[in-house]
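Colleague: can't give you the sequence, but here's the structure:
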């Protein structure tokens, strides 16, 4: 018996609510507590928004989100075939700088790293980009 569920959609902003509903339904089925569900949803929403806006640069391509429960770990795999970009290479934002002097961008991935327990990225020329997020499940 597998605990893996996935959805594949076109990379369009209007599909974000569909992904959110899929994530909520799946994680609730995994008996994750509301805090875990909310953190995972925020991280997935941010990652998918970045893929839509930057990996495809306005074009449309496939976007796949898979959720799996392995022991107490929720494994989230987000795949796209947009241009390669390793978000783990983004330096952390300088949160001590004055708001008007801060560099634009970079907060989204910082947020993902804070919300998740583990974040990794890989790229394969044939398979595309793969972002793996891990969060230990707390039961509701």
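Modeller: Thanks, I have the structure now. What you see is a predicted model; the values in this text were computed from it and never measured.
Colleague: mind listing what's buried in the lowest-mean-pLDDT helix or strand in the chain?
Modeller: When the helices and strands of the chain are compared on mean pLDDT, DSSP states H and E, helix 107-115 comes out lowest with a mean of 90. For helix 107-115, burial by neighbour count (16 or more other Cβ atoms under 10 Å) applies to 108-113, 115. No exception for glycine: its C-beta is placed from N, CA and C like everyone else's.
Colleague: Tell me how many other residues surround the closest residue to residue 60 other than its chain neighbours.
Modeller: Spatial nearest neighbour of residue 60, chain neighbours left out: residue 10 (5.0 Å); criterion: Cβ to Cβ, 6 or more residues apart in numbering. Look at residue 10: counted by other Cβ atoms under 10 Å, it has 12 neighbours.
Colleague: The least confident helix or strand of the chain: how far from the chain's middle?
Modeller: The chain centroid and the centroid of helix 107-115 are separated by 10 Å under Cα atoms, centre = their mean, to the nearest Å.
Colleague: So what touches it?
Modeller: Contacts to helix 107-115, defined as Cβ atoms under 8 Å, 6 or more residues apart in numbering, come from residues 39-40, 42-43, 46-47, 49-50, 87, 90, 92-93, 119, 133, 135.
Colleague: quick one, strands of the protein?
Modeller: 5-10, 62-70, 73-80, 118-124, 128-136 (DSSP state E).
Colleague: Give the full set of residues in contact with the most centrally placed residue in the chain.
Modeller: Central residue of the chain (Cα atoms, centre = their mean): residue 44, 3.1 Å from the mean position. Neighbouring residues of residue 44 by Cβ under 8 Å, 6+ apart: 19-20, 23, 65, 76, 78, 133.
Colleague: can you put these in JSON lines and add pLDDT?
Modeller: JSON lines is the format used below for the contacts of residue 44 (pLDDT from 0 to 100):
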{"residue": "19", "pLDDT": "98"}
{"residue": "20", "pLDDT": "97"}
{"residue": "23", "pLDDT": "98"}
{"residue": "65", "pLDDT": "98"}
{"residue": "76", "pLDDT": "98"}
{"residue": "78", "pLDDT": "98"}
{"residue": "133", "pLDDT": "98"}
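Colleague: Lovely, talk soon.
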